[in-house]
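S.K.: requesting a structural model of the entry that follows:
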Amino acid sequence: KIIGAHIADGTLNSSFIRITDENQQAIYAFRSWMGEIFELDLPKVEAVKGSNEWSLTFRSKSVSRYFTKFFDIPSGMKTYTADEPRIIKNADLKFRKSFALGVLTFDGGLCSKPSVALCVSSRKLRNSIAEILTLHDIEITIQLKRTGKYWRFWSKDLNKESASKWLDFFEQGTE
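M.R.: Numbering: from 1, shown residues only. Below you'll find the predicted structure:
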(Lines give C-alpha, C1' and ligand atoms only; values in the text may rest on other atoms or scores of the structure.)
Protein backbone atom coordinates (compact mmCIF):
# COMPACT_ATOMS: atom_id res chain seq x y z
CA LYS A 1 0.00 0.00 0.00
CA ILE A 2 2.78 2.39 0.92
CA ILE A 3 4.63 1.91 -2.35
CA GLY A 4 1.42 2.21 -4.39
CA ALA A 5 0.49 5.46 -2.64
CA HIS A 6 3.99 6.82 -3.10
CA ILE A 7 4.02 5.88 -6.79
CA ALA A 8 0.67 7.66 -7.18
CA ASP A 9 1.26 10.90 -5.28
CA GLY A 10 4.62 10.81 -3.51
CA THR A 11 7.87 12.68 -3.94
CA LEU A 12 11.31 11.34 -3.03
CA ASN A 13 14.47 13.42 -3.00
CA SER A 14 17.49 12.17 -1.05
CA SER A 15 16.13 11.63 2.47
CA PHE A 16 13.06 13.84 1.95
CA ILE A 17 9.69 12.11 1.47
CA ARG A 18 6.41 13.88 0.77
CA ILE A 19 2.94 12.76 -0.20
CA THR A 20 0.01 15.01 -1.08
CA ASP A 21 -3.66 14.49 -1.88
CA GLU A 22 -6.98 16.34 -1.83
CA ASN A 23 -8.35 13.63 0.44
CA GLN A 24 -7.12 14.30 3.97
CA GLN A 25 -8.16 10.79 5.08
CA ALA A 26 -5.87 9.24 2.45
CA ILE A 27 -2.91 11.15 3.88
CA TYR A 28 -3.83 10.00 7.39
CA ALA A 29 -4.05 6.42 6.09
CA PHE A 30 -0.56 6.71 4.56
CA ARG A 31 0.73 8.14 7.84
CA SER A 32 -0.76 5.20 9.70
CA TRP A 33 0.74 2.65 7.28
CA MET A 34 4.18 4.25 7.65
CA GLY A 35 3.88 4.24 11.43
CA GLU A 36 2.89 0.57 11.51
CA ILE A 37 5.61 -0.66 9.15
CA PHE A 38 8.54 1.63 9.96
CA GLU A 39 7.59 2.57 13.54
CA LEU A 40 8.24 6.22 12.80
CA ASP A 41 7.04 9.17 14.82
CA LEU A 42 5.79 11.20 11.88
CA PRO A 43 4.82 14.88 11.83
CA LYS A 44 1.26 16.09 11.58
CA VAL A 45 -0.68 16.09 8.33
CA GLU A 46 -0.79 19.68 7.11
CA ALA A 47 -2.83 21.70 4.66
CA VAL A 48 -0.86 22.76 1.57
CA LYS A 49 -0.92 26.56 1.40
CA GLY A 50 -2.70 27.95 -1.64
CA SER A 51 -4.41 24.68 -2.61
CA ASN A 52 -7.08 22.27 -1.47
CA GLU A 53 -4.54 19.52 -0.77
CA TRP A 54 -3.09 17.93 2.34
CA SER A 55 0.45 16.69 2.82
CA LEU A 56 2.77 14.67 4.98
CA THR A 57 6.46 15.57 4.73
CA PHE A 58 9.30 13.94 6.62
CA ARG A 59 12.96 12.98 6.40
CA SER A 60 14.19 9.44 6.78
CA LYS A 61 17.38 8.19 5.17
CA SER A 62 16.47 4.59 5.96
CA VAL A 63 13.01 4.82 4.34
CA SER A 64 14.45 6.68 1.35
CA ARG A 65 17.11 4.01 0.96
CA TYR A 66 14.45 1.29 1.28
CA PHE A 67 12.36 2.91 -1.48
CA THR A 68 15.32 3.37 -3.83
CA LYS A 69 17.32 0.21 -3.20
CA PHE A 70 14.63 -2.40 -2.50
CA PHE A 71 11.86 -1.10 -4.77
CA ASP A 72 14.00 0.71 -7.39
CA ILE A 73 12.00 3.91 -7.01
CA PRO A 74 14.01 6.77 -8.46
CA SER A 75 14.43 10.12 -6.78
CA GLY A 76 12.89 13.03 -8.59
CA MET A 77 10.12 13.14 -11.16
CA LYS A 78 8.36 9.87 -11.97
CA THR A 79 5.07 11.14 -13.37
CA TYR A 80 5.49 9.64 -16.82
CA THR A 81 7.70 6.67 -15.91
CA ALA A 82 5.92 5.37 -12.79
CA ASP A 83 5.36 1.64 -12.77
CA GLU A 84 4.73 -1.26 -10.45
CA PRO A 85 8.13 -2.22 -8.98
CA ARG A 86 9.45 -5.51 -10.34
CA ILE A 87 9.66 -7.07 -6.86
CA ILE A 88 5.92 -6.45 -6.36
CA LYS A 89 5.01 -7.53 -9.90
CA ASN A 90 6.76 -10.87 -9.25
CA ALA A 91 5.23 -11.33 -5.78
CA ASP A 92 2.06 -13.10 -4.67
CA LEU A 93 -1.17 -11.55 -5.92
CA LYS A 94 -2.05 -10.32 -2.41
CA PHE A 95 0.97 -7.96 -2.52
CA ARG A 96 0.01 -6.74 -5.98
CA LYS A 97 -3.50 -6.10 -4.69
CA SER A 98 -2.09 -4.02 -1.82
CA PHE A 99 -0.01 -2.04 -4.30
CA ALA A 100 -3.12 -1.41 -6.42
CA LEU A 101 -5.03 -0.33 -3.30
CA GLY A 102 -2.36 2.28 -2.59
CA VAL A 103 -2.44 3.59 -6.16
CA LEU A 104 -6.23 3.65 -6.42
CA THR A 105 -6.72 5.23 -2.97
CA PHE A 106 -4.61 8.17 -4.15
CA ASP A 107 -5.27 8.28 -7.91
CA GLY A 108 -8.54 6.40 -8.48
CA GLY A 109 -11.93 8.01 -8.41
CA LEU A 110 -15.62 7.90 -9.17
CA CYS A 111 -16.95 9.18 -12.47
CA SER A 112 -20.14 11.13 -13.02
CA LYS A 113 -21.76 7.82 -13.91
CA PRO A 114 -21.61 5.28 -11.10
CA SER A 115 -18.24 3.90 -12.20
CA VAL A 116 -14.62 3.87 -11.02
CA ALA A 117 -11.77 5.24 -13.12
CA LEU A 118 -8.02 5.63 -13.06
CA CYS A 119 -6.35 8.44 -14.98
CA VAL A 120 -2.54 8.60 -14.83
CA SER A 121 0.32 9.97 -16.91
CA SER A 122 2.17 6.65 -17.00
CA ARG A 123 0.92 4.03 -19.44
CA LYS A 124 2.94 1.33 -17.63
CA LEU A 125 1.30 2.13 -14.30
CA ARG A 126 -2.18 2.14 -15.86
CA ASN A 127 -1.48 -1.25 -17.44
CA SER A 128 -0.14 -2.77 -14.22
CA ILE A 129 -3.20 -1.72 -12.22
CA ALA A 130 -5.48 -2.93 -15.03
CA GLU A 131 -3.74 -6.33 -14.98
CA ILE A 132 -4.14 -6.64 -11.20
CA LEU A 133 -7.84 -5.79 -11.41
CA THR A 134 -8.38 -8.26 -14.25
CA LEU A 135 -6.67 -10.99 -12.19
CA HIS A 136 -9.30 -10.24 -9.50
CA ASP A 137 -12.16 -10.63 -12.01
CA ILE A 138 -12.95 -6.93 -12.13
CA GLU A 139 -14.10 -5.85 -15.57
CA ILE A 140 -12.68 -2.62 -16.92
CA THR A 141 -12.49 -0.78 -20.21
CA ILE A 142 -9.01 0.35 -21.15
CA GLN A 143 -8.75 3.46 -23.29
CA LEU A 144 -6.31 2.52 -26.05
CA LYS A 145 -5.15 6.03 -26.88
CA ARG A 146 -3.90 8.71 -24.56
CA THR A 147 -6.22 11.65 -23.86
CA GLY A 148 -3.98 14.69 -23.64
CA LYS A 149 -1.22 13.46 -21.37
CA TYR A 150 -3.31 10.84 -19.55
CA TRP A 151 -3.88 7.09 -19.82
CA ARG A 152 -7.24 5.86 -18.50
CA PHE A 153 -9.41 2.91 -17.67
CA TRP A 154 -12.86 2.72 -16.11
CA SER A 155 -15.30 0.19 -14.77
CA LYS A 156 -18.71 -0.68 -16.07
CA ASP A 157 -21.56 1.03 -14.26
CA LEU A 158 -21.45 -0.15 -10.67
CA ASN A 159 -24.04 -2.38 -9.10
CA LYS A 160 -24.06 -3.76 -5.55
CA GLU A 161 -21.87 -6.77 -6.43
CA SER A 162 -19.27 -4.91 -8.49
CA ALA A 163 -19.13 -2.03 -6.01
CA SER A 164 -18.25 -4.44 -3.19
CA LYS A 165 -15.38 -5.86 -5.28
CA TRP A 166 -14.08 -2.36 -5.93
CA LEU A 167 -14.21 -1.47 -2.23
CA ASP A 168 -11.43 -4.00 -1.66
CA PHE A 169 -9.17 -1.75 -3.74
CA PHE A 170 -9.65 1.45 -1.71
CA GLU A 171 -8.53 2.08 1.86
CA GLN A 172 -11.50 2.01 4.20
CA GLY A 173 -12.43 5.43 5.55
CA THR A 174 -11.05 7.37 2.58
CA GLU A 175 -13.05 9.21 -0.05
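S.K.: going forward, measure contacts between C-alpha atoms and count neighbours the same way
M.R.: OK.
S.K.: ok, the spatially most central residue of the chain - contacts?
M.R.: The centroid of the chain falls nearest to residue 103 when counting by Cα atoms, centre = their mean (1.8 Å). Residue 103 is in contact with 1, 4-8, counting by Cα atoms under 8 Å, 6 or more residues apart in numbering.
S.K.: check which helix or strand covers it.
M.R.: Using DSSP states H and E, residue 103 falls within helix 93-107.
S.K.: which SS class is residue 12?
M.R.: Following DSSP: H, G, I helix; E, B strand; the rest coil, residue 12 is assigned to strand.
S.K.: go on, residue 128?
M.R.: helix.
S.K.: ok, residue 92 to residue 131 distance?
M.R.: 14 Å (Cα to Cα, to the nearest Å).
S.K.: so for these two, which sits in the more crowded spot?
M.R.: residue 131 (16 against 10; other Cα atoms under 10 Å).
S.K.: secondary structure element for that one?
M.R.: Applying DSSP H and E, one finds residue 131 within helix 123-135.
S.K.: show me which residues of that helix are buried.
M.R.: 123-133 (16 or more other Cα atoms under 10 Å).
S.K.: out of those residues, which is nearest to residue 68?
M.R.: When the buried residues of helix 123-135 are ranked by distance to residue 68 (Cα to Cα), residue 125 comes first, at 17.5 Å.
S.K.: I'd say that closest one and residue 83 touch.
M.R.: Yes - using Cα atoms under 8 Å, residue 125 is in contact with residue 83, at 4.4 Å.
S.K.: and the helix holding residue 131, what other elements does it pack with?
M.R.: Applying 3 or more Cα pairs under 8 Å, 6 or more residues apart in numbering; DSSP states H and E, one finds that helix 123-135 contacts helix 93-107, strand 116-120, strand 140-142, strand 151-155.
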